[in-house]
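Colleague: Let me see the structure of the following:
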Amino acid sequence: QVQLVESGGGLVQAGGSLRLSCAASGRTFSSYAMGWFRQAPGKEREFLTGIWWSGDGTYYADSVKGRFTTSRDNAKNTVYLQMNSLKPEDTAVYYCAALGRWDGGSRATGAYWGQGTQVTVSS
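Modeller: Residues are numbered from 1 along each chain as shown. All right, here's what the predicted structure looks like:
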């Protein structure tokens, strides 16, 4: 089993940056692909990024491509989401997940979830 705890959310002005971290416990962390999702009020949860267990391959949704970067440090059991050029429409609760299924593209299912961290971007 994998337990996940996100941190790094907060309030930032448009154009600013935030770095989210997701700390995992459990010896099987390095065997999972990891993903970041977000959910804004009244909207469905959106899959943003995925990264394979090796860190070699990544996926980005069009909405964040070129602005967000995901990385992982298996030695630290941590996955990161660097968010630059933030926009008010990026305001949402952000979740990391250990992916149970992922096609390497836009289709992913979380097996384990963090509790979420709020990101608010002011205009």
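
Colleague: so where is the protein shaky, pLDDT-wise?
Modeller: For the chain, applying pLDDT under 70 flags no range at all.

Colleague: make it 80
Modeller: By pLDDT under 80, the low-scoring segments of the chain are 27, 29.

Colleague: Strands of this structure, start to end?
Modeller: For the chain, the strands defined by DSSP state E cover 3-7, 10-13, 18-25, 34-39, 46-51, 58-60, 68-73, 78-83, 92-102, 108-113, 117-122.

Colleague: can you put these in JSON lines and add mean neighbour count?
Modeller: Every C-beta, even on glycine, is put in place using the N, C-alpha and C of the backbone. As requested, the strands of the chain are exported to JSON lines (neighbours: other Cβ atoms under 10 Å):
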{"stretch": "strand 3-7", "mean neighbour count": "17"}
{"stretch": "strand 10-13", "mean neighbour count": "13"}
{"stretch": "strand 18-25", "mean neighbour count": "19"}
{"stretch": "strand 34-39", "mean neighbour count": "24"}
{"stretch": "strand 46-51", "mean neighbour count": "22"}
{"stretch": "strand 58-60", "mean neighbour count": "18"}
{"stretch": "strand 68-73", "mean neighbour count": "18"}
{"stretch": "strand 78-83", "mean neighbour count": "22"}
{"stretch": "strand 92-102", "mean neighbour count": "21"}
{"stretch": "strand 108-113", "mean neighbour count": "17"}
{"stretch": "strand 117-122", "mean neighbour count": "17"}
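
Colleague: spatially speaking, which residue is in the middle of the protein?
Modeller: By Cα atoms, centre = their mean, the chain has its centre lying nearest to residue 36, at 2.3 Å.

Colleague: isn't it right next to residue 94, touching?
Modeller: Yes. Contact status for residue 36 versus residue 94: in contact at 6.3 Å, counting by Cβ atoms under 8 Å.

Colleague: any shared contact partners between those two?
Modeller: Common neighbours of residue 36 and residue 94 (criterion: Cβ atoms under 8 Å, 6 or more residues apart in numbering): 20, 81.

Colleague: For the closest residue to residue 116 other than its chain neighbours, name its beta-bridge partners.
Modeller: Residue nearest to residue 116 in three dimensions, not counting chain neighbours: residue 93, with 4.3 Å by Cβ to Cβ, 6 or more residues apart in numbering. Bridge pairing for residue 93 (DSSP bridges) gives the partners residue 39, residue 118.
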